[in-house]
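In: Mind folding the following:
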Amino acid sequence: MIEAGSNVIGTGDAASWWKGAVIYQIYPRSFADSNGDGIGDLRGAIEKLDYVADLGVDGIWLSPFFTSPMADYGYDVADYCDIDPIFGTLADFDTLIDRAHSLGLKVIIDQVYSHTSDQHEWFKESRSSSKSAKADWYVWADAKEDGTPPNNWLSMFGGSAWSWDTSRRQYYLHNFLREQPDLNFHNPAVQDAILDVTRFWLDRGVDGFRLDVANNYFHDIKLRDNPTSGRTDLSRPYDFQHHRFNRSRPENIAFLERLRAVLDEYPNKTSVAEIASGSNLVRSLEYTEGQSRLHTAYNFHFLENSSPTPGFIESALEAWTDKDAWPSWSLSNHDVRRALTRWSDADGSPARAKMLLALLLSLRGTIFLYQGEELGLPQGHVPFDQLRDPEAIRFWPDNLGRDGCRTPMPWSSEALAAGFSEGQPWLPLDERHRQLAVDKQTNENGSVLEFARQFITTRRSCQALASGDHLPVRVQDPDSLVFERRCGGQRVLCAFNLSETETTHLPLDQYQSFSPFGALCLEGALESGKLTLGPNGIFIACEEG
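Out: This next block holds a predicted model:
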């Protein structure tokens, strides 16, 4: 039996600390507010780092906190090398780095290289004149003869991906909001400037980067029309197209290799790409294979799916088998409905939350755990008149947007705003979350939070779970996912019932001698070579070689 607390993780190589690590995502606006203005900030995050460290995770990922007019809540960056005043100062960030490192936590920060804010000084200069020094730092194009945009590319947030600028009398490209003009990565000076930003934060002590929409850096230089996706049953026009020419361009690879070379100038750093291409795993592998591209990547394979089957999950895991690449996985983040709501008939239950946590933490790869996921939070309810997300407002009611996963973190069940802030929160607290607050679950036997802590600790102490191989175990049951994790002579059996009904008599004779991880086996038992899993059942067992 594996004993917790030995702190075994990764390969033993300090440079590979990220392999098998569990990274806790902090969305700063909604995590903890230190000054009562209703918006979470860096000081608030610093005050809660002890809580994060007590979870047993290896590091944190901070969503954007850079200077921004907040058209897209920080993903429209007006200054890559400074902190927006609502979040604090560079001195606060330095304090956060020092405190996190003193607690043994790595720090990964978001980098939004694909586009800037239209308030960035680069864009102001670029739009001022077609002869300015930065004239071609963004993607500009003339109108067609009839005045319409250069091609049929669509913005993810609705409408054309082109907006007319009266200063230059040209269109500029924005794959997202019109306030988020796309940088022109075909210009070497743009690449150099972005790599200088990379060095700025590495010099400041960050341990790595999460790269926002990493396959959106380049566009087709010929501006060819996108073909149709062949689907018209979707709520967002963007999905009607196959985005062959405005993302995932082959030129991207060379820039990623330049970026990796900069990272390799600094010891023990990492990079994780967000791949904005739906459930396509091919791009994730392409961007991470070998030692010259990015360290790891995740995409929306699990994040957008609402009815996972064992086969669906297993196919994603097997895609990385025998590849010189390392995957990352997440079930929830700041862009999608929380997994407990997406992967449940209603808003889930503690048992469902534990099963999803156990599944995520058993996967081969680097794990990203979103704030509140360890509490079993369902998607927050945000009334229409309190929505802030431009996507939600644009596509209401078909698309509920991202606000529901960004509601305030509940710290104290009886406190104002559940302890998130002493002021009015920027998004409303979902009152259901009070009963799931940190203070209600801490040291509470059987709580989702304590289960999460136990499982994370076990993963860290078990080499097979942290970084071992993945081997599927075939069982003839449509609701059961079973696989083995193996490292050296250590073998761990992981079995999950994805349904709300009991699964019985799964033939697993070869694992009868395995020892269960007591508290981590819920509604699961292996007797006489037959595995029984209750609703949302979990069975984790180990054999030592």
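In: Assign residue 265 to helix, strand or coil.
Out: coil (DSSP: H, G, I helix; E, B strand; the rest coil).
In: That one - how many residues pack around it?
Out: For residue 265, the neighbour count with other C-beta atoms under 10 Å is 10. Where C-beta positions appear, they are placed from N, C-alpha and C, glycine not excepted.
In: what's the answer for the one 5 residues further on, then?
Out: Other residues near residue 270 come to 24 when the count uses other C-beta under 10 Å.
In: Quick check: it touching residue 108?
Out: Yes: the pair residue 270 and residue 108 passes the contact test of C-beta atoms under 8 Å, sitting 7.2 Å apart.
In: overlap in contacts of these two?
Out: 207-209 (C-beta atoms under 8 Å, 6 or more residues apart in numbering).
In: From these, which land in strands?
Out: 208-209 (DSSP state E).
In: who touches the helix or strand that residue 124 is a member of?
Out: Following DSSP states H and E, one finds residue 124 within helix 121-128. Around helix 121-128, the neighbours that count as contacts under C-beta under 8 Å, 6+ apart are 78-79, 116-118, 132-138, 140, 165, 167-168, 172, 181, 183, 193.
In: C-terminal to the one helix or strand in the chain whose mean pLDDT sits lowest, what's the next element?
Out: Within the chain, confidence by mean pLDDT, DSSP states H and E is lowest for helix 390-395 among all helices and strands, at a mean of 74. Sequence-wise, the next helix or strand downstream of helix 390-395 (DSSP H and E) is helix 438-441.
In: Low-confidence stretches in this protein?
Out: 1-12, 277-279, 393, 397-400, 545 (pLDDT under 70).
In: Kindly supply the ChimeraX command isolating those of the contacts of helix 121-128 that are buried.
Out: Here is the ChimeraX command that selects the buried residues among these (16 or more other C-beta atoms under 10 Å):
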select :78,79,116,117,118,134,135,137,138,140,165,168,172,181,183,193
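In: The contacts of helix 121-128 in helices, which ones?
Out: With helices taken from DSSP state H, the overlap with the contacts of helix 121-128 comprises residue 193.
In: Name all residues that make contact with residue 230.
Out: residue 242.
In: I'd like the distance from the helix or strand in which residue 354 is found to the chain centre, please.
Out: Residue 354 is located in helix 350-362, with elements delineated by DSSP H and E. The chain centre lies 17 Å from the centre of helix 350-362; the measure is C-alpha atoms, centre = their mean, to the nearest Å.
In: just checking, what packs against it?
Out: Under the contact definition 3 or more C-beta pairs under 8 Å, 6 or more residues apart in numbering; DSSP states H and E, helix 350-362 sits against helix 339-342, strand 366-370, helix 448-461, strand 480-487, strand 490-497, strand 522-527, strand 530-543.
In: relative to helix 448-461, how tilted is it?
Out: 20 degrees (axes from the mean of the first three to the mean of the last three C-alpha atoms, to 10 degrees).
In: about what we covered before: residue 239 is nearest to which of the helices and strands packed on helix 350-362?
Out: Nearest to residue 239, of all the helices and strands packed on helix 350-362, is helix 339-342, at 17.6 Å by C-beta to C-beta.
In: Work out the gap between that closest one and the centre of the chain.
Out: 15 Å.
In: Run through the neighbouring helices and strands of that helix.
Out: helix 350-362.
In: As a markdown table, the helices and strands packed on helix 350-362 with distance to residue 308 and mean neighbour count would be great.
Out: Formatted as a markdown table, the helices and strands packed on helix 350-362 follow (distance: least, C-beta to C-beta, whole Å; neighbours: other C-beta atoms under 10 Å):
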| stretch | distance to residue 308 | mean neighbour count |
| --- | --- | --- |
| helix 339-342 | 9 | 25 |
| strand 366-370 | 16 | 25 |
| helix 448-461 | 19 | 22 |
| strand 480-487 | 9 | 22 |
| strand 490-497 | 11 | 24 |
| strand 522-527 | 19 | 18 |
| strand 530-543 | 13 | 22 |
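In: which residues pair with the residue nearest to residue 544 when sequence neighbours are not counted across the strands?
Out: Using C-beta to C-beta, 6 or more residues apart in numbering and skipping the chain neighbours, the partner closest in space to residue 544 is residue 490 (6.0 Å). Taking DSSP bridges as the rule, residue 490 bridges to residue 487.
In: Just the buried residues of stretch 96-106, please?
Out: Those would be 96-97, 99-100, 105-106, for stretch 96-106 by 16+ other C-beta under 10 Å.
In: can I get those residues in TSV with distance to residue 58 and secondary structure?
Out: TSV is the format used below for the buried residues of stretch 96-106 (distance: C-beta to C-beta, whole Å; DSSP: H, G, I helix; E, B strand; the rest coil):
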residue	distance to residue 58	secondary structure
96	16	helix
97	15	helix
99	16	helix
100	11	helix
105	7	coil
106	6	strand
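In: could I get these as CSV with distance to residue 28?
Out: Below are the buried residues of stretch 96-106 laid out as CSV (distance: C-beta to C-beta, whole Å):
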residue, distance to residue 28
96, 10
97, 14
99, 15
100, 13
105, 15
106, 17
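In: Out of those residues, the closest to residue 338 would be?
Out: Nearest to residue 338 among those, with distances taken as C-beta to C-beta, is residue 105, at 23.4 Å.
In: Tell me which residues touch the closest residue to the closest one other than its chain neighbours, please.
Out: If the residues on either side of it in the chain are set aside, residue 105 comes closest to residue 59, at 5.2 Å by C-beta to C-beta, 6+ apart. Going by C-beta under 8 Å, 6+ apart, residue 59 touches 18, 21, 23-24, 100, 105-108, 207.
In: In TSV: those residues, plus distance to residue 508.
Out: As requested, the contacts of residue 59 are arranged in TSV below (distance: C-beta to C-beta, whole Å):
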residue	distance to residue 508
18	32
21	30
23	32
24	33
100	41
105	38
106	37
107	41
108	38
207	40
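In: which of those residues sit farthest apart?
Out: 18 and 100, at 14.9 Å, using C-beta to C-beta across those.
In: Ignoring the adjacent residues along the chain, who's closest to residue 494?
Out: Closest to residue 494 by C-beta to C-beta, 6+ apart is residue 362, at 4.4 Å.
In: Contact partners for the one you found?
Out: Contacts of residue 362 by C-beta under 8 Å, 6+ apart are 459, 465, 483, 485, 492, 494, 496, 540.
In: go on, residue 414?
Out: Residue 414 neighbours (C-beta under 8 Å, 6+ apart): residue 434.
In: Phi first, then psi, for it.
Out: phi -100, psi -10 (degrees, to the nearest 10).
In: how near is it to residue 422?
Out: 14 Å (C-beta to C-beta, to the nearest Å).
In: before we move on, what about residue 74?
Out: Distance of residue 74 to residue 422, given as C-beta to C-beta: 23 Å.
In: ok, these two, which is more surrounded?
Out: residue 74 (24 against 14).
In: For the more buried one, grab phi and psi.
Out: According to degrees, to the nearest 10, residue 74 has phi 100, psi -20.
In: With the one 4 residues further on instead?
Out: Here is the backbone geometry of residue 78 (degrees, to the nearest 10): phi -100, psi -20.
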